[in-house]
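Student: Provided below for reference: sequence and predicted model.
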Amino acid sequence: MPSSPLRVAVVCMSNVNRSMEAHRVLRKNGFHVRSFGAGSHVRLPGGPRQPPVLYDFSTPCKKMHGDLSSKDQKHYQRNGVLRILRRNERIKPGPERFQECPDPFDVIFTCGQRAYNRVVADLCARDQETWQPVPVVNVDIDDTLEAASLGASIICELCQGLQQAGDTQSRLAELLQAAEEKTGRSFLHTVCFY
């Protein structure tokens, strides 16, 4: 067993639903976790027949909640966005962008192919200072509350297996194979370096 908790990053595109639910579940299970978005903006669904609402990553959850409540509170309550933002406020003040975080992690989970591609491209473009390997694993998760909850459970099980193994690199392939057999999903993954 490693002497310190696994340092985990979870990344979706906007750091609102999928990565924040995984953040909540992993933190509850004792992991050192941070969550991020990999997009250029936080993107939330617009009102009926309206384009998506965009926010800068520096926008606090509380401000987004207030803004959407003033635009169409009934709509955003009905689609669950206000509830998600209230949950997120209990986790951290606001969304963060992965590309702006210099901190190293033991493993990075992405919640979709687009986020995976952006994380891998960003890590490959960084100056490798320590050449510390970091596995990047994609767990495809639909952007719904139910799918986010299921995806968070899968990510937590993988983290628990990695934590017990004590060696992220040597056990990852074995753990992913077992998860593929259990869930019927395949997990795209690679190793990048810091």
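Tutor: Sure thing, it's come through.
Student: Give me the phi and psi angles of residue 185.
Tutor: Note on residue 185: its backbone torsions stand at phi -100, psi 160 [degrees, to the nearest 10].
Student: Kindly state the neighbouring-residue count (a burial measure) for the nearest residue to it once chain neighbours are set aside.
Tutor: Nearest in space to residue 185, with sequence neighbours left out and distances taken as C-beta to C-beta, 6 or more residues apart in numbering, is residue 140 at 6.8 Å. No exception for glycine: its C-beta is placed from N, CA and C like everyone else's. By other C-beta atoms under 10 Å, the residues close to residue 140 number 17.
Student: Please shift the residue numbers so they start at 6 in all later answers.
Tutor: In the new count, where the first residue is 6, that last one comes out as residue 145.
Student: quick one: residue 145 is in a helix?
Tutor: No: under DSSP: H, G, I helix; E, B strand; the rest coil, residue 145 sits outside any helix and is assigned coil.
Student: any idea how far residue 108 is from it?
Tutor: According to C-beta to C-beta, to the nearest Å, residue 145 and residue 108 sit 25 Å apart.
Student: returning to what we had before: can you pull the pLDDT of the residue nearest to residue 190?
Tutor: Model confidence at residue 145, given as pLDDT, is 97.
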